[in-house]
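[1] Predicted model follows, preceded by the sequence.
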Amino acid sequence: MKLTPFLRIALAVTAAASLVAGLTGGLARLGVVAPVGDTADMHGAIMASGFFGTLISLERAVADGRLAALLVPAVSAAGAVLLLCGYAEATAPLFLVAGLGLTALTALAAWKLPTLFTGLMTIAAALWPLGTIFWISGQSLPEVGYVWLGFLILTVVAERIELSRLLRPTLAARVLLVVLVGLFALALGLGQPWQGSALLSLSLAGIALWLLREDIALRTVRTRGFARFSALLLICGYGWLIVAAASLALLPPGETVYGHDAAIHAIAVGFILSMVFAHAPIILPAVTGAPVRYVAVLYLPAALLQAAIGLRIAFDAMEATEKLYFPAWLTIAAIAIYVALLLGTMAVRPKATAAA
């Protein structure tokens, strides 16, 4: 049975609520706004599991097409709701179940169609429950956050492999990527990010450089419309991933709060949100059934996003904590403007031209 548009949209709205709560929690951590419930303390969990976990699970459920697959994003959404209501202790088991469910969905897809894409999706999905297990076992959310970010990073890598499949990377290139992903996942599994890890930093930088070389974005950047828009964001995102790798190597998160802030936001804002901006015109029609129309003004929020993460990294380098509120607000402005523009293009349809 196909997933109904109503169910898709209901889960997407839950994910969107998690995004709003997560961003509010981020501002509360900076002292800009008053905290609402546990949103400040649970900022990372809300964003990684409540928002991205639900959204990625929903995308996989839509791709699977069976009604039973909907249980995965539904469980994740339920965890997000409980987390937003202040029941953090009841949330982790639900995110664990959702993570295992997503891993099962991707593993089933890999078993049916064994490809580099499905294999990477399975490895990526497995990092979500792994991070949640670390959380349940008592590790702090800042430590666990890097494992969850690994889930998001490898999900993006897998998606880019699928979208760039026409380029047909050589066997040597594919083997190199598998090795880099394996080393990256191993470093995360060993819990190395917090104290600094050459293995993690080098594998992360290697993945970013691999994408810069092999991704179809290097070709589509010379086109126009959504293709060029997405390509520019992808290239920027890969650059921020290299910045994050350098920060993890030079400023281990467990040793300096500025190193942690720079690395985690270079990944979460610079890389992940750039990927979201780049892929939203593809994902939204698949999830909602409504097409998105390209408008050049979309470059405005995209530029604001890049400026926001650039300023955040600069202020971290200067240890200027009191100035971090500005790039935080800039990030929220970029997201709000982007969402508004996308919704506007979904609502407005160009007039059909008459037949000649």
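    Happy to help now that I have it.
[2] For the rest of this, base every contact and every neighbour count on C-alpha atoms.
    Fine.
[3] Can you list the buried residues in the strand or helix carrying A205?
    Remark: A205 resides in helix 198-214, with elements defined by DSSP states H and E. Of the residues in helix 198-214, 198-212, 214 count as buried by neighbour count, 16 or more other C-alpha atoms under 10 Å.
[4] Any idea which of these the model trusts least?
    Ranked by pLDDT, the buried residues of helix 198-214 bottom out at A198, which has 83.
[5] G138: neighbour count?
    10 (other C-alpha atoms under 10 Å).
[6] low-confidence ranges in this structure?
    Scanning the chain for pLDDT under 70 picks out 1-6, 8, 30-39, 165-166, 192-196, 286-289, 347-356.
[7] Would you map the strands across it?
    Ranges of strands in the chain, per DSSP state E: none exist.
[8] Pick out the most distant pair among the buried residues of helix 198-214.
    Maximum pairwise distance among the buried residues of helix 198-214 (C-alpha to C-alpha): 23.7 Å, between A198 and E214.
[9] S57 touches V72, doesn't it?
    Yes - counting by C-alpha atoms under 8 Å, S57 does reach V72; the two are 6.2 Å apart.
[10] right, and L234 touches H279 too?
    No - using C-alpha under 8 Å as the test, L234 is too far from H279 to be in contact (9.2 Å).
[11] Same drill for the two, tell me which one is more crowded.
    L234 (29 against 19).
[12] returning to that earlier point: so what's the gap between the helix holding A205 and the chain middle?
    How far helix 198-214 lies from its chain's middle: 17 Å, per C-alpha atoms, centre = their mean, to the nearest Å.
[13] For it, which helices and strands make contact with it?
    helix 171-189, helix 226-250 (3 or more C-alpha pairs under 8 Å, 6 or more residues apart in numbering; DSSP states H and E).
[14] Give me whichever of the ones you listed is most buried.
    helix 226-250 (a mean of 23; mean count of other C-alpha atoms under 10 Å).
[15] Does anything pack onto it? Which helices or strands?
    By 3+ C-alpha pairs under 8 Å, 6+ apart, helix 226-250 packs against helix 198-214, helix 217-220, helix 257-265, helix 274-288, helix 299-317.
[16] Now tell me what touches that helix from outside.
    Contact with helix 226-250 is made by 193, 196-198, 200-202, 204-205, 208-209, 211-212, 217-218, 220-222, 259-260, 262-264, 266-267, 270-272, 274-275, 277-279, 281, 294, 299, 302, 306, as judged by C-alpha atoms under 8 Å, 6 or more residues apart in numbering.
[17] picking that back up, just name the most buried of the helices and strands packed on helix 226-250.
    helix 257-265 (a mean of 22).
[18] Tabulate the CA atom coordinates of it in PDB.
    Provided in PDB are the C-alpha atoms of helix 257-265 (Å, rounded to 0.1, in the frame of the first residue of the first chain):
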ATOM      1  CA  VAL A 257      34.900  24.500  23.700                       C
ATOM      2  CA  TYR A 258      35.700  26.600  20.700                       C
ATOM      3  CA  GLY A 259      37.100  23.600  18.900                       C
ATOM      4  CA  HIS A 260      33.900  21.700  19.600                       C
ATOM      5  CA  ASP A 261      31.700  24.600  18.500                       C
ATOM      6  CA  ALA A 262      33.700  25.100  15.300                       C
ATOM      7  CA  ALA A 263      33.800  21.500  14.300                       C
ATOM      8  CA  ILE A 264      30.200  20.600  15.100                       C
ATOM      9  CA  HIS A 265      28.800  23.700  13.300                       C
END
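[19] what sits up against it?
    Applying C-alpha under 8 Å, 6+ apart, the set of residues contacting helix 257-265 is 146, 243-245, 247-248, 251-254, 309, 312-313, 316-317, 319.
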